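Asks: here is my input, please return the structure:
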Amino acid sequence: MEAQPTAAHAIETVFRLESPRVVAGVARIVRDVGIAEELAQDALVAALERWPRDGVPDNPGAWLMATARHRAVDLVRRRETYARKLAEIGRDLETTTPPSCDEPADPDDIDDDLLRLVFTTCHPVLSTEARTALTLRLLGGLTTAEIARAYLVPEPTIAQRIVRAKRTLATKNVAFEVPYGPDREARLGSVLDVIYLIFNEGYAATAGDDLLRPGLCEDALRLARVLSALMPKEPEVHALTSLLEFQASRTAARTGPDGTPVLLKDQNRRRWSRMLIARGIRALGRADATATGAPGPYALQAAIAACHAHAYTYEETDWRTIATLYGLLAARAPSPVVELNRAVAVSMAEGPAEGLKLVDALTAEPALRDYHLLPSVRGDLLARLGRTAEAHEEFARAAELTRNERERALLLGRAAECLS
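Replies: Prediction:
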């Protein structure tokens with residue numbers, strides 16, 4: 001009687017953890033991400049039928065992989081258009097491990113397949129939204145409903161994005177491969193950007209009732225760690241991993257017991273995870289060791305995060321170094337958001353008046369017109385200068401622009417403080 005709940009729990013846990021590798025391994029055979037996911041789901045259905053009856057295998061991940069690969073082989077055999085391909089790889093397919101065997105596939109092959117899947121789901125032919133949804137689905141192991149809740153959009157919208165993304169990859173004949181030569185840098189940038197976007201949405205949710213969505217941060221950090229292990233000679237991969245480790249280290253201190261946001265200067269740094277900080281330092285060291293030229297955007301951001309991590313108190317923060325690093329980042333990857341962050345660092349290093357000059361120069365930027373952090377930063381600088389009436393207006397405007405309820409409450413509170 002207890003076998004079924006135990007099997008059901010094992011199936012849910014194992015499939016979430018192993019589905020990326022299963023999809024990747026099957027995609028190598030069928031060369032279609034959409035079909036590969038369907039075959040992985042078929043393997044899940046088979047597990048739901050057999051495990052409660054026969055018991056959970058000693059190596060459930062290998063069981064799922066073998067079952068899905070067998071179904072992939074059967075599918076390939078049924079397709080006449082795959083005849084030539086079968087002739088080339090038939091001998092390997094004939095020796096595929098049967099579902100009842102618990103021996104895992106070659107780990108190196110799995111890793112190679114997983115790396116191909118990462119680059120496929122983040123192909124530039126897809127929109128950023130589609131890449132993010134498909135990556136979370138296939139590599140993060142999230143359901144369509146979970147992705148929809150994370151981004152506060154209707155579930156059918158996410159479902160459509162995923163379906164269209166898989167269809168686009170198929171119709172555009174996107175190769176299931178890791179690009180080499182001049183294409184790799186551009187493709188790798190797309191991969192890193194999607195992982196970074198996923199983490200940021202978890203670290204500071206754009207909308208909803210909670211400031212944090214820890215699950216998204218964990219998924220992004222896991223993907224970054226996997227990619228770092230698969231591509232040990234790519235400095236920006238290590239740099240992104242370092243950045244996310246540093247940022248994740250602050251999670252416990254960023255909100256109070258009731259979920260209220262806690263500003264950086266007010267955070268209890270004893271709650272910062274020293275383990276994650278140590279991991280961030282090691283990853284940054286690997287990024288530096290593998291770099292052959294000027295540091296990339298993620299290396300510079302990781303170095304900025306390291307400055308914060310090394311400061312045991314807010315007052316010890318090396319703001320001059322941070323301002324310099326933001327200057328380098330602005331030259332390497334210019335954007336209004338980078339300039340806004342640089343203005344904050346300059347204000348801490350040289351005074352609020354200097355920072356305000358830089359912020360005022362950004363007020364006409366179209367990209368920042370509806371960005372709530374622009375009036376929020378400006379309000380903070382005005383408050384520090386004693387211009388409280390103007391600061392009140394800026395905080396109120398920032399509260400109107402944000403879609404996150406926790407941030408709105410914080411900004412309204414700061415606006416009220418300016419009138420007291």
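
Asks: C-alpha from now on. contacts and neighbour counts both.
Replies: Noted.

Asks: roughly how far does E218 sit from I198?
Replies: 10 Å (C-alpha to C-alpha, to the nearest Å).

Asks: okay, those two: which has more neighbours?
Replies: Between E218 and I198, counted using other C-alpha atoms under 10 Å, the more crowded position is I198 (23 against 18).

Asks: surely that one forms part of a helix?
Replies: Yes. Assessed by DSSP: H, G, I helix; E, B strand; the rest coil, I198 belongs to a helix.

Asks: let's see the pLDDT reported for the residue nearest to D32 when sequence neighbours are not counted.
Replies: With sequence-adjacent residues excluded and distances taken as C-alpha to C-alpha, 6 or more residues apart in numbering, D32 is closest to A170, at 6.4 Å. With respect to pLDDT, A170 scores 91.

Asks: which residues in this structure form strands?
Replies: 207-208, 403-404 (DSSP state E).

Asks: would you single out the least confident of the ones you listed?
Replies: strand 207-208 (a mean of 62).

Asks: what's the local residue count around the residue nearest to D32?
Replies: Every residue meeting other C-alpha under 10 Å relative to A170 is counted, giving 16.

Asks: same thing with D112?
Replies: 17.

Asks: state the distance from the nearest residue to it once chain neighbours are set aside to V237.
Replies: Spatial nearest neighbour of D112, chain neighbours left out: L230 (7.7 Å); criterion: C-alpha to C-alpha, 6+ apart. Distance, L230 to V237, by C-alpha to C-alpha: 10 Å.

Asks: neighbour-wise, which of these two wins?
Replies: Each of L230 and V237 has its neighbours counted (other C-alpha under 10 Å); V237 has more, 29 against 16.

Asks: contact partners for V178?
Replies: 115-116, 119, 184 (C-alpha atoms under 8 Å, 6 or more residues apart in numbering).

Asks: try 7 Å
Replies: V178 makes contacts with 115-116, 119, as judged by C-alpha atoms under 7 Å, 6 or more residues apart in numbering.

Asks: just give me the closest of these to R282.
Replies: Closest approach between these and R282, by C-alpha to C-alpha: L115, at 22.4 Å.

Asks: and the gap between the closest one and V178?
Replies: 7 Å.

Asks: distance of E155 from P232?
Replies: When E155 is compared with P232 (using C-alpha to C-alpha), they lie 37 Å apart.

Asks: more crowded one of the two?
Replies: The residue with more neighbours, out of E155 and P232, is E155; 17 against 13, by other C-alpha under 10 Å.

Asks: apart from its chain neighbours, what residue comes closest to that one?
Replies: In space, E155 is closest to A148, 5.0 Å off (C-alpha to C-alpha, 6+ apart).

Asks: what's the answer for S273, then?
Replies: S273's closest residue in space is S249 (C-alpha to C-alpha, 6+ apart), at 4.6 Å.

Asks: contacting residues for the one you found?
Replies: 272-273, 276-277.

Asks: over to A391?
Replies: 379-380, 382-383, 418.

Asks: if we go to 6 Å?
Replies: 379, 382-383 (C-alpha atoms under 6 Å, 6 or more residues apart in numbering).

Asks: ditto for T260
Replies: Per C-alpha under 6 Å, 6+ apart, neighbours of T260: none.

Asks: and what of the one 10 residues further on?
Replies: For R270, no contacting residues are found, by C-alpha under 6 Å, 6+ apart.

Asks: where does R84 land on pLDDT?
Replies: 57.

Asks: ignoring the adjacent residues along the chain, who's closest to R250?
Replies: W272 (4.8 Å).

Asks: got the phi/psi numbers for that neighbour?
Replies: phi -70, psi 140 (degrees, to the nearest 10).

Asks: looking at it, it is touching T251, isn't it?
Replies: No. Using C-alpha atoms under 6 Å, W272 is not in contact with T251, being 7.3 Å away.

Asks: between the two, which is the more surrounded one?
Replies: For W272 versus T251, neighbours defined as other C-alpha under 10 Å are more numerous around W272 (21 against 16).

Asks: hmm, back to that, report pLDDT for the residue nearest to R250.
Replies: For W272, the predicted pLDDT is 97.

Asks: how near is it to R406?
Replies: For W272, the distance to R406 - C-alpha to C-alpha - is 21 Å.

Asks: likewise E236?
Replies: 33 Å.

Asks: more crowded one of these two?
Replies: More crowded of E236 and R406, by other C-alpha under 10 Å: E236, with 27 against 21.

Asks: now do the more buried one against P52, distance only.
Replies: Taking C-alpha to C-alpha, one finds E236 at 45 Å from P52.

Asks: and Q41, by the same measure?
Replies: 17 Å.

Asks: what's the distance between the closest residue to R332 other than its chain neighbours and R167?
Replies: Leaving aside its sequence neighbours, R332 sits nearest to P297 (C-alpha to C-alpha, 6+ apart; 6.6 Å). Applying C-alpha to C-alpha, the value for P297 to R167 is 32 Å.
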